[in-house]
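S.K.: prediction below, plus the sequence it came from.
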Amino acid sequence: MSEAKKNLIIKQRSVVEDDWQVLRLELAEGAAEGAEAQDPAGLAIPAGKVILPLPVWQAQGAALAGRVAAGEIAVWLASDERPEAIKDDLAKFALVAVDFPKFTDGRGYSIAYNLRSRLGYAGELRAIGDVLRDQLFSMQRVGFDAYATRPDRDIHEALKGLSDFSETYQASVDQKQPLFRRQPRDVRPDGSDAGSGI
């Protein structure tokens with residue numbers, strides 16, 4: 001099988017084959033835009049490793065407990081969904097994905113930061129959707145460690161985006177201290193400062 005036909009992702013700073021499929025709720029054929037998507041409770045879950053939308057997990061989670069325990073079920077959050085919705089189930093998932101519906105939609109960064117920093121999620125955190133090279137460095141800063149880039153872009157070129165910058169100034173998930181706290185400073189008051197000793 002040629003590399004172009006394989007489903008590839010970036011994971012742990014390497015291009016690897018992906019064995020997960022992302023399940024999306026589709027509109028009924030001929031339905032007007034804005035109409036209700038498929039019923040999450042009645043949606044058939046295919047065999048294999050599947051990343052479910054949050055509404056499907058919420059509707060069918062109890063019935064999928066065995067597949068979750070076997071590592072076959074993960075969940076993805078839309079940019080308008082809160083990570084707190086799965087906080088009680090986080091430890092069950094080996095993978096949680098966050099969808100970026102548009103390159104310009106930055107809400108996924110906050111979701112990832114909250115999953116890592118506030119909810120303590122330690123499993124694979126994957127960015128899916130409209131994911132481009134320019135976003136990868138910032139995505140890794142907030143806790144993403146896997147990226148399903150847009151299929152119309154060169155994934156090997158996108159991988160270089162994780163190394164665009166050699167140093168960061170601000171603290172984040174990947175670096176707990178800002179640069180000024182990481183750099184040793186040998187500054188001693190010389191007594192000429194009017195505020196010295198206050």
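M.R.: Good, I have the coordinates.

S.K.: so, low pLDDT: which residues of the chain?
M.R.: Across the chain, the ranges flagged by pLDDT under 70 are 1-5, 27-36, 167-169, 171, 179-180, 187-198.

S.K.: can we see that at 50?
M.R.: Residues of the chain that meet the criterion pLDDT under 50 lie in 1-4.

S.K.: packing partners of the lengthiest helix in it?
M.R.: Using DSSP state H to define each element, the chain has its longest helix at helix 133-141. Applying 3 or more Cβ pairs under 8 Å, 6 or more residues apart in numbering; DSSP states H and E, we find helix 133-141 packed against helix 107-113, helix 155-159. Heads up, the C-betas are built off the backbone N, CA and C, glycines and all.

S.K.: tell me which other helices or strands the longest one touches.
M.R.: Using 3+ Cβ pairs under 8 Å, 6+ apart as the contact test, the elements touching helix 107-113 are strand 95-100, strand 124-129, helix 133-141.

S.K.: and if we set it to 10 Å?
M.R.: With contacts taken as 3 or more Cβ pairs under 10 Å, 6 or more residues apart in numbering; DSSP states H and E, helix 107-113 sits against strand 73-77, strand 95-100, strand 124-129, helix 133-141.

S.K.: a markdown table for the ones you listed, including mean neighbour count and distance to residue 16?
M.R.: Listed next are the helices and strands packed on helix 107-113 as a markdown table, based on neighbours: other Cβ atoms under 10 Å; distance: least, Cβ to Cβ, whole Å:
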| stretch | mean neighbour count | distance to residue 16 |
| --- | --- | --- |
| strand 73-77 | 24 | 16 |
| strand 95-100 | 24 | 13 |
| strand 124-129 | 23 | 12 |
| helix 133-141 | 19 | 15 |
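
S.K.: got a markdown table for these, with distance to residue 51 too?
M.R.: Output for the helices and strands packed on helix 107-113, formatted as a markdown table (distance: least, Cβ to Cβ, whole Å):
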| stretch | distance to residue 51 |
| --- | --- |
| strand 73-77 | 4 |
| strand 95-100 | 5 |
| strand 124-129 | 8 |
| helix 133-141 | 17 |
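
S.K.: give the contact list for residue 16.
M.R.: 6, 7, 8, 9, 10, 146, 155 (Cβ atoms under 10 Å, 6 or more residues apart in numbering).

S.K.: wait, residue 105
M.R.: 78, 79, 80, 99, 129, 130.

S.K.: returning to that earlier point: show me which of the contacts of residue 16 are buried.
M.R.: 8, 9, 10, 146, 155 (16 or more other Cβ atoms under 10 Å).

S.K.: of these, which belong to strands?
M.R.: 8, 9, 10, 146 (DSSP state E).

S.K.: now the first one: how far from residue 152?
M.R.: For residue 8, the distance to residue 152 (Cβ to Cβ, to the nearest Å) stands at 13 Å.

S.K.: farthest-separated two in the contacts of residue 105?
M.R.: 80 and 130 (15.0 Å; Cβ to Cβ).

S.K.: the more surrounded of the two?
M.R.: Each of residue 80 and residue 130 has its neighbours counted (other Cβ atoms under 10 Å); residue 130 has more, 16 against 10.
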